[in-house]
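# Provided below are the primary sequence and the corresponding predicted coordinates.
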Amino acid sequence: MELEPCSSSPERCKVCGDTGNGMHFGAFTCRACAAFFRRAASRKFLRKCENHLIFALKCKNCRLQRCYEAGMSSENFQFCRDLIGAKGAIPKLKVPKSFEQTVGRPYFVLQCDPEVLFLRRNIIDCVPLLEKAEKLIEFGSESPVFSKNRLLKLAQGLQQFQDAKSNQVKFVQKMGQKEIMSFFETDFLCATKWFTYLDEFQFLDKNQQLTLMQGIWHVWSRLHKLAVSAMGRRRGICDKNTVMVSHQNEFAVCDLNEIEVDMSWCTNFSNEQMRYFLDTSHDSYVYQVMDEMLGLKPNDVELSYMMCQLCLQYAGQRFQGEILEFCEKMLGFLADDLHSYYVKQLRMPNYAARLAKLMKINNRIKESVLKTRQRQQIAELFNVWTVDFSHPEFFRDA
């Protein structure tokens, strides 16, 4: 087939004869023919045209054949030059990475060997402790307590705890695995024993009792430590820079600023790297709430209500279901008992202002629990701890 010769003028397109634009893929053409060739040259279905005796611009086969005859070649394609297409889009400006982003590790663990992040974790068995708690629940309160209402009975139980402690004081200068686990066991068992003075607690089934205590022991112990420390300051046992806690059959006193903490048993990071998780001396609530406790001097009845309100409200929000119903029911009963105590025994009908101050202390402790939860989430994110517990619900928010 003979094709009509195109214009040889350098200003004309060698394919269609229209005004040329420049060199495209090896031939002088217009933009339209250049765009056509770029699209058509990669299509396999376009073959040599046998239908037209002369060149027909509207025929894709004729036009493609003319492109080849003009010297256009697909080998001259330059991809990714189009600024509009997806592949040729203008690259976004990259923000320089920080050193932490470059190495993929947070600031406080930059100096740690990456291999320590993925070592096998040790498991601490909590079953023996749960068995001790189960025996305490079955045994009930140590001696029969007869009171007018639930709140007064709890207050008597709290008083028995304090009377059982000796006057000897132990100063704790180091806190390692042995000391930490011992304090944990003491707090958990004391909280469990104290709740046995609440009659309705005995009506829960065994699993619900243990679940409830695993969830609230650390909340109970926060308020109990503050109460014991305030008592120690009033008696001159400890000063404003120390905290006193009830430990087994004695009182333990420690200075949060000076105590030596050994965390090598549960993490591979140094104390300096773990400062964010270990440093309690800068938790402002510890000393500020202590001053508020000293000023208010809550008695055993008020302190018992504070503990119940703090623990049961936290447990209701955490567990829901039957435990939530139990907690709400108990909070209602105990609020009635507190009202009766203020009005009938203390002759204090206008107790709202004092109660608000007591609840302010509870709210500060709740804020501290929330901060602990946030720190725990960050620790889990960066795999900080090298130990796990057989019952991890023990240490949620603890």
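Happy to help now that I have it.

# part of a helix, is Ser270?
No. Per DSSP: H, G, I helix; E, B strand; the rest coil, Ser270 lies outside any helix segment and is coil.

# pick out the residue closest to the middle of this protein.
A centroid search over the chain (CA atoms, centre = their mean) returns Gln377, at 2.5 Å, as the residue closest to the centre.

# can you point out the buried residues in the helix or strand hosting that one?
Taking DSSP states H and E as the criterion, the element that holds Gln377 is helix 352-381. Across helix 352-381, burial judged by 16 or more other CB atoms under 10 Å covers 355, 358, 361-362, 364-366, 368-369, 372, 376, 379. (Each C-beta comes from the backbone N, C-alpha and C, glycine too.)

# tell me the one among these nearest to Ala133.
Val369 (21.4 Å; CB to CB).

# re the thing from before, format the buried residues of helix 352-381 as JSON lines; extra columns: distance to Cys16 and pLDDT.
JSON lines is the format used below for the buried residues of helix 352-381 (distance: CB to CB, whole Å; pLDDT from 0 to 100):
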{"residue": "Leu355", "distance to Cys16": "93", "pLDDT": "94"}
{"residue": "Leu358", "distance to Cys16": "93", "pLDDT": "94"}
{"residue": "Ile361", "distance to Cys16": "89", "pLDDT": "92"}
{"residue": "Asn362", "distance to Cys16": "87", "pLDDT": "92"}
{"residue": "Arg364", "distance to Cys16": "84", "pLDDT": "90"}
{"residue": "Ile365", "distance to Cys16": "85", "pLDDT": "90"}
{"residue": "Lys366", "distance to Cys16": "80", "pLDDT": "90"}
{"residue": "Ser368", "distance to Cys16": "81", "pLDDT": "86"}
{"residue": "Val369", "distance to Cys16": "79", "pLDDT": "88"}
{"residue": "Thr372", "distance to Cys16": "77", "pLDDT": "84"}
{"residue": "Gln376", "distance to Cys16": "73", "pLDDT": "85"}
{"residue": "Ala379", "distance to Cys16": "71", "pLDDT": "84"}
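
# pick the one among the residues you listed closest to Lys297.
Relative to Lys297, the closest of these is Leu358; by CB to CB it sits at 10.8 Å.

# so what's the closest one up against?
296, 298, 302, 305-306 (CB atoms under 8 Å, 6 or more residues apart in numbering).

# repeat that for Leu296.
354, 357-358, 361.

# what is the subsequent helix or strand relative to the helix or strand of the chain with the lowest mean pLDDT?
Lowest by mean pLDDT, DSSP states H and E among the helices and strands of the chain is helix 99-103, with a mean of 52. Using DSSP H and E, the helix or strand that follows helix 99-103 in sequence is strand 122-124.

# pull out the buried positions in that following strand.
Ile124.

# returning to that earlier point: the contacts of Leu296 into CSV, with extra columns for distance to Leu129?
Formatted as CSV, the contacts of Leu296 follow (distance: CB to CB, whole Å):
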residue, distance to Leu129
Arg354, 37
Lys357, 36
Leu358, 31
Ile361, 29
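
# and these, which is closest to Asn149?
Of all those, Asn149 sits closest to Leu358, with 18.2 Å by CB to CB.

# quick one: contacts for the residue nearest to Asp300 when sequence neighbours are not counted?
Nearest residue to Asp300 in three dimensions, chain neighbours excluded: Ala155, at 4.0 Å (CB to CB, 6 or more residues apart in numbering). Under the criterion of CB under 8 Å, 6+ apart, the neighbours of Ala155 are 147, 299-301, 303-304.

# of those, keep whichever come out buried.
Burial by neighbour count, judged by 16+ other CB under 10 Å, picks out 300-301, 303-304 from the contacts of Ala155.

# go through those and flag which are in helices.
Within the buried ones among the contacts of Ala155, residues falling in helices by DSSP state H are 300-301, 303-304.

# tell me the one among the contacts of Ala155 nearest to Gly215.
Set against Gly215, the nearest of the contacts of Ala155 by CB to CB is Ser304 (19.0 Å).

# wait, the closest one touches Gln156, no?
No. At 9.0 Å, Ser304 does not count as touching Gln156 under the criterion of CB atoms under 8 Å.

# against Val301, how distant is Arg233?
The gap separating Arg233 from Val301 is 21 Å, by CB to CB, to the nearest Å.

# whoops, Gly26 was the one
For Gly26 relative to Val301 (CB to CB), the value is 99 Å.

# do Phe395 as well
Phe395 is 31 Å from Val301, by CB to CB.

# do Ser147 as well
From Ser147 across to Val301, the span is 10 Å (CB to CB).

# same check on Lys174?
37 Å.

# any regions of this protein where pLDDT drops low?
1-10, 44-48, 50, 53, 76-121, 142-145, 161-167, 278-287 (pLDDT under 70).

# where along it do the strands fall?
22-24, 27-29, 122-124, 169-171, 174-175, 242-247, 250-255, 260-261, 387-389 (DSSP state E).

# so can I have a markdown table of those strands showing distance to Glu325?
Formatted as a markdown table, these follow (distance: least, CB to CB, whole Å):
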| stretch | distance to Glu325 |
| --- | --- |
| strand 22-24 | 80 |
| strand 27-29 | 83 |
| strand 122-124 | 32 |
| strand 169-171 | 42 |
| strand 174-175 | 39 |
| strand 242-247 | 31 |
| strand 250-255 | 37 |
| strand 260-261 | 41 |
| strand 387-389 | 28 |
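
# excluding chain neighbours, what is closest to Gly140?
Nearest one to Gly140, counting by CB to CB, 6+ apart, is Thr196 at 5.1 Å.

# an error on my part: the question was meant for Val127.
Distances taken as CB to CB, 6+ apart put Ser390 closest to Val127, at 6.3 Å, once the chain neighbours are dropped.

# if anything else comes up later, I'll come back, but that's it for now.
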